[in-house]
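Novice: Any chance you could fold what I've pasted below:
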Amino acid sequence: MVELRHFRAVVAIAEEGNLTRAAERLGIQQPPLTRMLRSCEEAMGVQLFERHAKGMRLTAAGRSMLKGAYDILDRVDETVEDVRRVVRGESGELSVGFTNSAMCHPSLPAVLGHFRESWPDVTLSLTEGNSSQLLGALRDDLVDVAFVRASIPDVSDVMVELILEEPMVVAVPRAHPLALNPPAEGLRLADLENEDFILYQSQYNNGLYKTIVDACLGAGFMPNIRQKGPQLMAALSLVAGGLGISVVPHSMQQHHAGQITYIPLSSRTALTAPVYLVYRSVRMTGAKLYFIHQARQMRTRQFGGTKAAS
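Specialist: Just a heads-up that it's a prediction; the model follows:
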């Protein structure tokens, strides 16, 4: 059987033209190199070199072998370097998950664009889902990092970091009385007591659904929840259809702009929508670490400092 060491031996002998120098170059003694060459020639059934007084000279078969040896050894070196670059995170793939509403915030596409410019040899694979789906994808190693709206409960080796927060606004159908005469100072939650709410509920009870319900309770009423959607975009579609109102992140205002009016909440109503970065603390390649660093820059720009990861 012809092995990789035989190709290296043929290259060394051909380039040095002398068995002794070739053996020194390979870091072995001459007799083992002679035996290696003989076993290679016997395995192939050809003579690769002619022995003469001045050294070793390639035969026609040897010249063909040398050309192939160069190609094979180049491919081996390239493969080894490719593998090392993947391990260092300089190439390969980074899978990013996101909820639809999180990706609507302009800072998140900007992070993806900056990463692609900085790591052009790393392919970005994007996966959309809700928070529970993305947590499952993290556990199954189908995504490396994800942006979600709901803070995921404590899970072993899953890190959750608050990346940014944005104000929430009230989404009402275009023909709704509130849309025709919105208060200049913004809406109070108490103004919505008699409205039909359309909300979106995560599998977990710590997302925007709970935030909105708790805020309404704090304002003195239990919201009349007419419909629940699996995702925020579904809730907005129902608002556009006139089925009720909703409270959504500020960055969602471009959706259904012709059918929905978005009204700010009053300054006393401190309702915000967070975006969390979640990832597992395993296989922290260079690309993954850099992406997390870029995501954290959003937090630094908004909060002026670093909040600890959970």
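
Novice: gap between residue 58 and residue 123?
Specialist: Counting by CB to CB, to the nearest Å, the gap from residue 58 to residue 123 is 43 Å. Where you see a C-beta, it was placed from the backbone N, CA and C, and this is true even at glycine.

Novice: Neighbour count for these two, which is higher?
Specialist: Between residue 58 and residue 123, residue 58 has the larger neighbour count (other CB atoms under 10 Å), namely 17 against 13.

Novice: Can you tell me, leaving aside adjacent residues, what's nearest to that one?
Specialist: residue 14 (5.7 Å; CB to CB, 6 or more residues apart in numbering).

Novice: Mind jotting down where the strands sit in the protein?
Specialist: Ranges of strands within the chain are 49-52, 55-58, 92-98, 122-128, 145-148, 158-173, 196-200, 224-229, 246-249, 260-264, 272-280, based on DSSP state E.

Novice: Most remote residue from the middle of this structure, which is it?
Specialist: Farthest-out residue of the chain from its mean C-alpha position, per CA atoms, centre = their mean: residue 53, at 62.9 Å.

Novice: so what pLDDT did residue 166 get?
Specialist: Looking at residue 166, its pLDDT is 91.

Novice: show me the contacts for it.
Specialist: Counting by CB atoms under 8 Å, 6 or more residues apart in numbering, residue 166 touches 105, 249, 250, 251, 272, 273, 275.

Novice: swap in residue 14?
Specialist: Residue 14 is in contact with 49, 56, 58, 62, 66, counting by CB under 8 Å, 6+ apart.

Novice: how many neighbours does the first one have?
Specialist: Going back to what we said before, that points to residue 49. By other CB under 10 Å, 20 other residues sit near residue 49.

Novice: all helices of this protein, in order?
Specialist: 4-16, 19-26, 30-44, 60-88, 100-103, 107-118, 131-139, 177-180, 208-218, 232-240, 286-303 (DSSP state H).

Novice: would CSV of those helices with distance to residue 261 be doable?
Specialist: Rendered in CSV, the data for the helices of the chain read as follows (distance: least, CB to CB, whole Å):
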stretch, distance to residue 261
helix 4-16, 70
helix 19-26, 78
helix 30-44, 81
helix 60-88, 50
helix 100-103, 19
helix 107-118, 25
helix 131-139, 28
helix 177-180, 4
helix 208-218, 18
helix 232-240, 10
helix 286-303, 27
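
Novice: Looking at the ones you listed, spot the one closest to residue 265.
Specialist: Closest of the helices of the chain to residue 265 is helix 208-218, at 9.4 Å (criterion: CB to CB).

Novice: buried set for that closest one?
Specialist: Buried residues in helix 208-218, counted by 16 or more other CB atoms under 10 Å: 208, 209, 211, 212, 213, 215, 216.

Novice: Then stretch 171-190?
Specialist: 171, 172, 173, 176, 178, 179, 182, 186, 187, 189.

Novice: residue contacts, the second one?
Specialist: For residue 172, the residues meeting the contact criterion (CB under 8 Å, 6+ apart) are 178, 179, 239, 245, 260, 261, 263.

Novice: let's see it at 6 Å
Specialist: Neighbouring residues of residue 172 by CB atoms under 6 Å, 6 or more residues apart in numbering: 178, 179, 245, 261.

Novice: circling back: just the pLDDT at the residue nearest to residue 58, thanks.
Specialist: The model reports residue 14 with a pLDDT of 93.

Novice: and the gap between it and residue 242?
Specialist: Counting by CB to CB, the gap from residue 14 to residue 242 is 82 Å.

Novice: partners of the residue nearest to the spatial centre of the chain in the sheet?
Specialist: The residue lying closest to the centre of the chain (CA atoms, centre = their mean) is residue 96, at 2.7 Å. When bridges are called by DSSP bridges, residue 96 pairs up with residue 126, residue 145.
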